[in-house]
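> sequence and predicted structure, then a few things I'm wondering about:
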Amino acid sequence: MSCPALPEGFDFTDPDIYQQRLPFPEFAQLRQTDRVWWIPQPHGVAGFDDDGYWAVTRHADVKEVSTKPEIFSSHLNTAIIRFNEHIHRDQIDVQKLIMLNMDPPEHTRVRQIVQRGFTPRAIRALEDALRERATRIVAGAKEDGSGDFVTDVACELPLQAIAELIGVPQQDRSKIFDWSNKMVAYDDPELAITEEIGAESAMELISYAMNLAADRKACPAKDIVSQLVAAEDQGNLASDEFGFFVLLLAVAGNETTRNAISHGMHAFLTHPDQWELFKRERPASAADEIVRWATPVMSFQRTATQDTELGGQRIAAGQRVGIFYSSANHDPEVFDRPEDFDITRDPNPHLGFGGGGPHFCLGKSLAELEIRLIFNAIADAMPDVRLAGDPRRLRSPWLNGIKELQVNYG
Ligand code: HEM
């Protein structure tokens, strides 16, 4: 198995290829030719017997893999396909405690419990507090005149939203934010944060969340934690399950939304006609287009549980399958002019929140609310915001991230 049309040694899990640009030309090549490609990884991946993975790049195929958990399991090696030096067996075992890495029926049980915290009513209840936060964040940035949009604006709202959702008291929020930020930054070589600090922060966050759960079990309040851990008659989460759930939220809901907001700002500033349109009409479709355009989570991975066929290729039991949302979201079979940033795009069946299977993003409505609120606040308070430099990208094969975006707040 080889892929002659791609450059020698090309591997979508290599973080270095994402520092300059996303591999859209390569994805386009893959989509146009064979439907599913074998990408060799000559050095193998620790804990796995194979020496490569299947790259799934078409919209329809990404959906098919996502919706068949009995064939394409989330149980082995989880989310990120990346080079082995980062992944060890014991890490994989710990990751199995996170719902993202569970298969039905175990996943179904946990999902049914936690989705009680994400009903439309629960999300609506956060709107006023988050609107007020968004207004304050934007006013603070405006006072500074100019600066890094990522740290000044994009970082805070996603963390505040998670803290509001699970009812973290104000005085504890800076601790939670610090742990969350250390966890998501630990494999960034440009930051002086090591893998150990990332792991320590994860442990501290889990233990904080377990204590919060224990408190609420003993003394229920009117918040989501109490609902998830104390609703004995409707099933509940054990304190450690709650701890791992909060850990997942801190990763899944934090940097994803931060990057959607940063990319959204960059997209608006480089497409002034769309910014003018947004300021005038505030179309609800803008949030979805930002997520399609940016695709903050670029890929996930599944493992075949049995010999199967996908896109005309035979996939053997135990082989890994990478699903590339960033490619699916530019598939011309589904999107007209996929390279255009068009905030009125409708319908917009993008796969930025997943391919519609059991793991479909639990926080979609919350993320969309945050995106809407922050851009409304920006349009109201700093309509003349301008770009003041090229964005600095995150070195990651998994998250499409912006680390720094200098802007003049107008
Ligand atoms: C799962 C993307 C925001 C919580 C996912 C998945 C993707 C995704 C691609 C996996 C879907 C699959 O495997 O089918 C995003 C993007 C976001 C975002 C692009 C922001 C723009 C959030 C927020 C939260 C959240 C704000 C919560 C605060 C979760 C959880 C899961 C998940 C808990 C796992 C669901 C499960 O395993 O059943 N997200 N997400 N996400 N997301 Fe999000």
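Here it is on my side, so go on.

> how about the contacts made by Q41?
When contacts are counted by C-beta atoms under 8 Å, 6 or more residues apart in numbering, Q41 touches D11, T13, D51, G52, Y53, F83. (C-beta placed from N, C-alpha, C; glycine too.)

> filter those down to just the ones in strands.
G52, Y53 (DSSP state E).

> flag whichever of the contacts of Q41 scores worst on pLDDT.
Among the contacts of Q41, F83 has the lowest pLDDT, at 43.

> buried subset of the contacts of Q41, written for PyMOL?
Here is the PyMOL command that selects the buried residues among those (16 or more other C-beta atoms under 10 Å):
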select buried, resi 11+13+52+53+83
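
> what sits against Q19?
R393, R395.

> quick one, phi psi at it?
In terms of degrees, to the nearest 10, the main-chain angles of Q19 are phi -80, psi -30.

> go on, R21?
Dihedral angles (degrees, to the nearest 10) for R21: phi -160, psi 170.

> how many neighbours does the one residue in the stretch 301-410 of the chain that gets nearest to the ligand have?
Residue of the stretch 301-410 of the chain nearest the ligand, by C-beta to the nearest ligand atom: G363 (2.0 Å). Neighbour count of G363, defined by other C-beta atoms under 10 Å: 23.

> before we move on, what's the pLDDT of it?
We have a pLDDT of 97 for G363.

> report how many residues lie close to the closest residue to it other than its chain neighbours.
Once flanking residues are discounted, G363 sits nearest to G253: 4.9 Å by C-beta to C-beta, 6 or more residues apart in numbering. Look at G253: counted by other C-beta under 10 Å, it has 22 neighbours.

> G253 reaches A163, doesn't it?
No. Counting by C-beta atoms under 8 Å, G253 does not reach A163; the two are 10.5 Å apart.

> touching, R282 and N376? I think so.
Yes. R282 is in contact with N376 according to C-beta under 8 Å; the separation is 6.5 Å.

> neighbour count: these two, which is higher?
N376 (18 against 13).

> residues touching the more buried one, list them.
N376 neighbours (C-beta under 8 Å, 6+ apart): A134, R282.

> and it, what element?
Per DSSP states H and E, N376 falls inside helix 364-381.

> right, and the helix or strand after that helix?
Following helix 364-381 in sequence order, the next helix or strand is strand 386-387 (DSSP H and E).

> what's in contact with that following strand?
H266, L269, T270, L405, Q406, V407, N408, G410.

> for the helix or strand harbouring the first one, buried residues please.
Assigning secondary structure by DSSP H and E places H266 in helix 255-270. The neighbour-count criterion (16+ other C-beta under 10 Å) identifies 255-269 as the buried residues of helix 255-270.

> that one versus helix 364-381: what angle between them?
Using axes from the mean of the first three to the mean of the last three C-alpha atoms, to 10 degrees, the direction of helix 255-270 lies 40 degrees away from that of helix 364-381.

> need the residues of the stretch 1-150 of the chain near the ligand, please.
S66, M99, L100, R111 (C-beta under 6 Å from any ligand atom).

> hmm, A252 and the third one touching each other?
Yes. In this structure L100 lies within contact range of A252 using C-beta under 8 Å: 7.1 Å.

> who has more neighbours, those two?
Taking other C-beta under 10 Å, L100 and A252 do not tie; A252 has more neighbours (20 against 17).

> chain center to stretch 401-410, what's the gap?
On the basis of C-alpha atoms, centre = their mean, to the nearest Å, stretch 401-410 sits 20 Å off its chain's mean C-alpha point.

> show me which residues of that stretch are buried.
Buried-residue list, stretch 401-410, by 16+ other C-beta under 10 Å: G401, I402, K403, E404, L405, V407, Y409.

> ok, stretch 55-71 next?
By 16+ other C-beta under 10 Å, the buried positions in stretch 55-71 come out as 55-59, 61-66, 68-69, 71.

> go on, stretch 372-391?
Buried residues in stretch 372-391 (16+ other C-beta under 10 Å): 372-379, 381-382, 385, 387, 391.

> given the helix or strand harbouring V407, what are its sheet partners and their directions?
For V407, the host element (DSSP H and E) is strand 406-408. Partners of strand 406-408 in the sheet, by DSSP bridges, are strand 146-148 (antiparallel), strand 386-387 (antiparallel).
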